[in-house]
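Participant: Got a sequence here, can you model it:
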Amino acid sequence: MASHSMRLSTWLASFLLAPRAVDADVLLTGYNPWGNFTENPSGEVADVLNGTTVSGLPIVAYRLDVSEAGVLAAEELVASRDWDAIVHLGFEDSAKGLKLETMALNQRALHQGPVVPLGPLLLPTTADLGAVAMNTHNPHELWSRDAGTFFCNEIYYRSLSAIRTRSLQLCKGAMIPAIFVHVPPLSQMPLAESARFVRDIIIDMVRSSGCNNNSNNKNSNNNNSNNKNKSPTPSDVLAEGSKGRGSGPWWHIKFV
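Facilitator: Sure, this is the predicted structure:
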């Protein structure tokens, strides 16, 4: 665990000192294995999608330690540049499908008290849930109002709070879209399917932002459409592109 933290700290220092890119990217985080778990599907999905492109934007993915240091590192990442979208992934061993968390609770993971003193008790996602619900039609899709009280919830609350309090906007009047997704065990959902689903969510978040951002400058609408269906690398994992998506009504969502 210490070695993971050291590598993350070294990378974070170099990242924050590097020149800011003109074009923003999509931030994706997953977790390293912890406790008795020898693998963490959230980190596996992050690894698969790292370096791929959606709607003309590169996905920049990182693994975090399941610790307070990991949460604080993620908070620094969120504030380090103007991201086009932020997606945090976590692992829930009892989940039967991918759970999209709609809000975060102002409660710390290891210590009593709030994440942000005097902050709101609950903070809703800044992502356009309507767009995600209309387009992301996965039979294993679940929606949740409870992200728990561990690091998954805390990292989510810190990100949502930072976006609001620091006025992190994608464009005037539009906050950077951020959401947390709990990933089930690989025995419940294969890695390829989880990766495709998360990628589809990112596409919907970027396209529903309400901004004529960098992705529109890089590609025409037709090119974006082709890119959405084009298989990113690694091709053996995401070869089927956006299989399973549909335009079903928003009421297909299942809250848990």
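
Participant: Could you pull out the helices in the stretch 1-150 of the chain for me?
Facilitator: According to DSSP state H, counting those that start in this stretch, the stretch 1-150 of the chain carries its helices in the segments 2-17, 41-49, 68-80, 129-135.

Participant: cool, and the stretch 151-256 of the chain?
Facilitator: Chain-ordered helices for the stretch 151-256 of the chain, with DSSP H, counting those that start in this stretch as the definition, fall at 151-165, 191-207, 214-218, 221-229, 235-238.

Participant: contacting residues for Asp93?
Facilitator: Phe37, Pro184, Pro185 (CB atoms under 8 Å, 6 or more residues apart in numbering). The C-beta positions use only the backbone N, C-alpha and C, and glycine is treated the same way.

Participant: Drop the exposed ones from those and show what's left.
Facilitator: Under a neighbour-count criterion of 16 or more other CB atoms under 10 Å, the subset of these counted as buried comprises Pro184.

Participant: Tell me how many other residues crowd Leu170.
Facilitator: Neighbours of Leu170 under the rule other CB atoms under 10 Å: 22.

Participant: Quick check: the gap between it and Asp200.
Facilitator: With the distance defined as CB to CB, to the nearest Å, Leu170 ends up 19 Å from Asp200.

Participant: same thing with Arg63?
Facilitator: Here the distance between Arg63 and Asp200 works out to 22 Å (CB to CB).

Participant: One more: Gly35?
Facilitator: Distance from Gly35 to Asp200, by CB to CB: 30 Å.

Participant: shaky segments in the stretch 151-256 of the chain?
Facilitator: 172-173, 210, 212-256 (pLDDT under 70).

Participant: switch to 90 and redo it
Facilitator: 165-175, 188, 207-256 (pLDDT under 90).

Participant: hmm, back to that, which of Gly35 and Asp200 has more neighbours?
Facilitator: Here Gly35 and Asp200 are set side by side on neighbour count (other CB under 10 Å), and the busier one is Asp200, at 22 against 7.

Participant: Touching, the more buried one and Asn135? I think so.
Facilitator: Yes - with contact taken as CB atoms under 8 Å, Asp200 and Asn135 are classed as touching, separated by 7.2 Å.

Participant: Number of residues surrounding the closest residue to Trp83 other than its chain neighbours?
Facilitator: In space, and not counting its chain neighbours, Trp83 is closest to Leu27: 4.7 Å by CB to CB, 6 or more residues apart in numbering. Using other CB under 10 Å, the number of residues around Leu27 comes to 23.

Participant: How about Ala79?
Facilitator: Using other CB under 10 Å, Ala79 has 15 other residues around it.

Participant: just to revisit the earlier point, contact partners for the residue nearest to Trp83?
Facilitator: Here Leu27 is in contact with Val60, Ala61, Leu77, Val78, Trp83, Ala85, Ile86, Val87 (CB under 8 Å, 6+ apart).

Participant: ok, now with 7 Å
Facilitator: With contact set as CB atoms under 7 Å, 6 or more residues apart in numbering, Leu27 has these partners: Val60, Leu77, Val78, Trp83, Ile86.

Participant: That one and Arg108: what is the separation?
Facilitator: Between Leu27 and Arg108 the distance is 22 Å, computed by CB to CB.

Participant: For Val60, list each beta-bridge partner.
Facilitator: Leu27 (DSSP bridges).
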